[in-house]
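Engineer: what would the 3D arrangement of this be:
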Amino acid sequence: SGTTGRSKGAMLSHENLASNARTLVQAWRFTAEDVLLHALPVFHTHGLFVATNTVLASGGTMLFLGRFDPTQVLALLPRATAMMGVPTFYTRLLKEAGLTPDATAGIRLFVSGSAPLLAETHRDWQARTGHAILERYGMTETNMNTSNPYDGERRAGTVGFPLPGVELRIMGEDGPLPDGEIGMIEVRGPNVFQGYWRMPEKTAEELRPDGWFITGDLGTRDPDGYVSIVGRGKDLVISGGFNVYPKEVELLIDELPGVLESAVIGVPHPDFGEAVVAVIARAPGADPDPQAIRAALERRLAKFKQPKQVIVVDELPRNTMGQVQKAALRQAEIDLGYTEIRAPIAGRIGEGHAAFMHPSPGRLSADQKPGLRRHHHHRTRRVRQDARAGAAGADVRKDRLKVRRGRHRPGRKPDGGLAPRPSPARSAGAGGSRP
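Structural biologist: Model (predicted):
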């Protein structure tokens, strides 16, 4: 989609799309009697395939809006039985006085996806309307992979279970991980795409010969089987040699008074390789104190996970699907450098202020430049600085290195050990199908 780098063309066969639509019709109980309120953009898989194809496959009806407008959506809710949206839809509707149990009485299903739904939004929506939002997980290359159950507990903060016909595993350095551990999410099934258009090397890096697709998302599965997304592999912060998963820190920050939401990123640091930085969007009318936030986290997080900086802004940068753009936050940090980050960074991403745990060390001198260590689990990996890794290196604000993930995966052949998938064979009535 281009969210994490240059846009890529994902080759989806007719059967990839049809199989997922059939699965969603069954999983979400769509029938010809349903009326879907559709306000999603159709340049994205959520609006183009998930919403549209599910209605087509069920023979239902669609109320199609050119754009999301809270007032218009509220006016049309009584005519609909289902709505699919991104978290921003629900947070904006919660601000409308007209959102009541009566306004949503005819709706049997609210679905959210494309970006993480805050547990607070999940709770607030249920309290206001009596409906529990169903959160699911997917991507352009696969359409939908998991879903909270239609019948049963729709657990806030999770994306539910693998859909029928879809296999999911959590992979570590040495293979599949047990429940409760964090690793790379891989999926396999009839919904998985055929490869990237005219990008055989990229296809080889991310699609294994046996059909498992490496999603680039870090996740975990609890003992009940619910899958949770921890974050993108590229968002992993390595501080002092320890892995810091942003989602863990963000969940704790989001619970604090005056915080609407947060984004945790890593920025270059001469001692730790990377420093944990928390960028916080203030709640309406609130003015959270960065020092108080740091103090609250000290009691709940290990030292290496605690933010070295806390920056308060009006809002976090997002794309058109409501996804927080951490790359934009990181770029603002990196462009300015660690010394100059104090006031300018707030101006780059919104008005705000920052708190620091210690004085900024400034730009490294030639004899201070440390060695470089590579992230694992990255689609496009940035070389990170680690002061204890050696003497070679370059300016941490400018060095970037793209490496093929396959060359660094344990058990892989030196040449990556993967080949582009063959073109899908055509079959009557079903379009392309996977071999």
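Engineer: doesn't L329 lie inside a helix?
Structural biologist: Yes: residue state for L329 (DSSP: H, G, I helix; E, B strand; the rest coil) corresponds to a helix.
Engineer: in this structure it contacts A281, no?
Structural biologist: No: the pair L329 / A281 is not scored as a contact, 11.4 Å apart, by CB atoms under 8 Å. For the C-beta atoms, the positions are set from N, CA and C on the backbone; glycine is no exception.
Engineer: shared neighbours, the two?
Structural biologist: Counting by CB atoms under 8 Å, 6 or more residues apart in numbering, the common neighbours of L329 and A281 are L316.
Engineer: okay, and the beta partners of S239?
Structural biologist: F242 (DSSP bridges).
Engineer: hmm, it is touching V276, no?
Structural biologist: Yes: checked against CB under 8 Å, the pair S239 and V276 is within contact range at 5.8 Å.
Engineer: common neighbours of these two, please.
Structural biologist: 266, 304-305.
Engineer: filter these down to the buried ones.
Structural biologist: Neighbour-count burial (16 or more other CB atoms under 10 Å) is assigned, among the shared contacts of S239 and V276, to 266, 305.
Engineer: out of the shared contacts of S239 and V276, the closest to A204 would be?
Structural biologist: Of all these, G266 has the smallest distance to A204: 28.1 Å, by CB to CB.
Engineer: quick one: strands adjacent to the strand or helix carrying that closest one?
Structural biologist: For G266, the element it lies in under DSSP states H and E is strand 259-269. With DSSP bridges as the test, strand 259-269 is paired with strand 273-282 (antiparallel).
Engineer: worst-scoring helix or strand of the chain, pLDDT-wise?
Structural biologist: strand 371-374 (a mean of 26; mean pLDDT, DSSP states H and E).
Engineer: first-to-last residue distance for stretch 257-275?
Structural biologist: Start and end residues of stretch 257-275 are separated by 24 Å (CA to CA, to the nearest Å).
Engineer: same question, stretch 81-97
Structural biologist: Stretch 81-97 stretches 21 Å from its first residue to its last (CA to CA).
Engineer: neighbours of A18, how many?
Structural biologist: 20 (other CB atoms under 10 Å).
Engineer: make that L36, sorry
Structural biologist: When neighbours are defined as other CB under 10 Å, L36 has 22 of them.
Engineer: repeat that for L37.
Structural biologist: Neighbours of L37 (other CB under 10 Å): 23.
Engineer: that's a helix at it, yeah?
Structural biologist: No: assignment of L37 by three-state DSSP gives strand, placing it outside any helix.
Engineer: contact partners for it?
Structural biologist: Contacts of L37 (CB under 8 Å, 6+ apart): 63, 65, 73, 76-77, 79-80, 82-83.
Engineer: who's it bridged to?
Structural biologist: L63, M83.
Engineer: picking up where we left off before, okay, the shared contacts of S239 and V276 in TSV with pLDDT next?
Structural biologist: Shown next, in TSV, are the shared contacts of S239 and V276 (pLDDT from 0 to 100):
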residue	pLDDT
G266	90
F304	90
K305	94
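Engineer: L297: which of the shared contacts of S239 and V276 is nearest?
Structural biologist: Nearest member of these to L297, counting by CB to CB, is K305, at 8.1 Å.
Engineer: any idea how far that closest one lies from K247?
Structural biologist: Distance from K305 to K247, counting by CB to CB, to the nearest Å: 11 Å.
Engineer: same check on M11?
Structural biologist: With CB to CB as the criterion, M11 and K247 are 31 Å apart.
Engineer: ramachandran angles for I170?
Structural biologist: phi -110, psi 120 (degrees, to the nearest 10).
Engineer: how about it: what's its closest non-neighbour residue?
Structural biologist: Leaving aside its sequence neighbours, I170 sits nearest to G183 (CB to CB, 6 or more residues apart in numbering; 4.3 Å).
Engineer: got any ranges where the stretch 201-350 of the chain has weak pLDDT?
Structural biologist: For the stretch 201-350 of the chain, the stretches with pLDDT under 70 are 333-350.
Engineer: what segments of it are strands?
Structural biologist: Here the stretch 201-350 of the chain has its strands, by DSSP state E, counting those that start in this stretch, at 213-221, 227-232, 237-239, 242-244, 259-269, 273-282, 309-313.
Engineer: V192: which of those is closest?
Structural biologist: Using CB to CB, those put strand 213-221 closest to V192, at 4.9 Å.
Engineer: so which elements touch the closest one?
Structural biologist: Based on contacts counted as 3 or more CB pairs under 8 Å, 6 or more residues apart in numbering; DSSP states H and E, the elements that strand 213-221 packs against are strand 167-172, strand 183-188, helix 200-206, strand 227-232.
Engineer: between those, which one is closest to L56.
Structural biologist: L56 sits nearest to strand 183-188 of all the helices and strands packed on strand 213-221, at 23.7 Å, using CB to CB.
Engineer: report the angle between the closest one and strand 227-232.
Structural biologist: Strand 183-188 runs at 120 degrees relative to strand 227-232, counting by axes from the mean of the first three to the mean of the last three CA atoms, to 10 degrees.
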